[in-house]
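A.B. asks: What follows is a predicted protein model with its sequence.
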Amino acid sequence: MKRIFLLAACTAMTACAGHVASTDISELDGVRAAIQKAKAAGAERCAPALQAKAVATMYHAAHEITDEVGSHPDEDADLIATALKAANQAYAKAKKGCSPEVITLEGVFFETNSADLTASSTATLDRAVKTLQKRSNINVEVAAHTDSMGQAAYNLDLSNRRAASVMDYLVAHGIKASRLSAKGYGETQPRADNGTAAGRAKNRRVELRIK
Amino acid sequence: MKRIILLTAAMCLFAGSATAAGWSVSVDDRAAALNTQLKGNNGYHADLARELADIATEEKAQHDSDVARAFMNMAEEHAAQAGGSK
């Protein structure tokens, strides 16, 4: 009798601890299939926000459908429709192809016309080191860009040296060189108007492009 | 026999607490910390962590605290996989 009581108590306590309901229910067959299809097409990389919304909403729907306290068919149907729509959009976006994930290293600066990093850059670079340590399964290209002031050939060379300088910092702080490559793009890939000082400042940048 | 019962009960209690980590910190506070931790991170796991944290907050608002904690635990697992802020 004691054992039965104990077992019941443990079961109740585990239930009270809370868990997310299983998504392996017939009502979610269509959503699971759509999410799987999107994932196979590369949605986690190419459409992360949509795919995440689909997955999270599926879990939410699983909870609402299996919730023993009250039944809300309309709410369940809405969640299923939302998850399905997000998964289908994620699939469509992934099928179109996607550009690689890019981490812009805000706050990395160099001395003028030089590849020497300024002292203030280390905080950003140290955060990048931590990110690369945590995401140990990714390889990245260090991509450096300049604005359009000066000669294009000079800017290309300068950006190559700056990319190498950042890569050297990352390697010196423990990131394996085999995970990294460095490339300068000079002034060829502006993301703002080079006609203004603010635009030029945005164009001078260093990115980590995840391969 | 009593000792065994007490020990088992204690283990069950511990398991319950461990499963729903963060009993002492509110779901809202944990969601805020997660959003700070993932600031600027737009990867899949970061997005999923934020979505799950939103659901946790929603469930908490509906006074379903156990489910809210369960979703928050899940959100924090994905936040850990996301690798933090960028």
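C.D. replies: Arrived safely, thanks for sending.

A.B. asks: what mean pLDDT does the longest helix belonging to chain A have?
C.D. replies: For chain A, the helix with the greatest residue count under DSSP state H is helix A:73-95. For helix A:73-95, mean pLDDT rounds to 94.

A.B. asks: do stretch A:174-181 as well
C.D. replies: 96.

A.B. asks: now swap in stretch A:194-210 and tell me
C.D. replies: Per-residue pLDDT over stretch A:194-210 has a mean of 93.

A.B. asks: what comes up buried for it?
C.D. replies: A:200, A:202, A:203, A:204, A:205, A:206, A:207, A:208, A:209, A:210 (16 or more other C-beta atoms under 10 Å in any protein chain shown). C-beta: built from backbone N, CA, C; applies to glycine.

A.B. asks: what does stretch A:115-131 give?
C.D. replies: Result for stretch A:115-131 [16+ other C-beta under 10 Å]: buried residues A:115, A:117, A:121, A:124, A:125, A:127, A:128, A:129, A:131.

A.B. asks: Model confidence at residue A:126, what's the number?
C.D. replies: Model confidence at residue A:126 (pLDDT) stands at 94.

A.B. asks: how many other residues sit next to the spatially closest residue to it that is not a sequence neighbour?
C.D. replies: Closest residue to residue A:126 apart from its sequence neighbours, by C-beta to C-beta, 6 or more residues apart in numbering or on different chains: residue A:173 at 7.1 Å. Per other C-beta atoms under 10 Å in any protein chain shown, the neighbour tally for residue A:173 reads 15.

A.B. asks: now the one 10 residues further on
C.D. replies: Counted with other C-beta under 10 Å, residues neighbouring residue A:183 total 14.

A.B. asks: That one contacts residue A:162, doesn't it?
C.D. replies: No: using C-beta atoms under 8 Å, residue A:183 is not in contact with residue A:162; the gap is 10.5 Å.

A.B. asks: Find the residues that touch each one of the two.
C.D. replies: Common contact partners of residue A:183 and residue A:162 (C-beta atoms under 8 Å, 6 or more residues apart in numbering or on different chains): residue A:144.

A.B. asks: how about low-confidence regions in chain B?
C.D. replies: B:1-24, B:84-86 (pLDDT under 70).

A.B. asks: Break down it into its helices, ranges please.
C.D. replies: B:2-19, B:27-37, B:44-61, B:65-82.

A.B. asks: With respect to residue A:86, which of the buried residues of stretch A:194-210 is nearest?
C.D. replies: Ranked by distance to residue A:86 (C-beta to C-beta), those are led by residue A:210 at 22.9 Å.

A.B. asks: Going C-terminal from the longest helix of chain A, what's the next secondary structure element?
C.D. replies: strand A:102-104 (DSSP states H and E).
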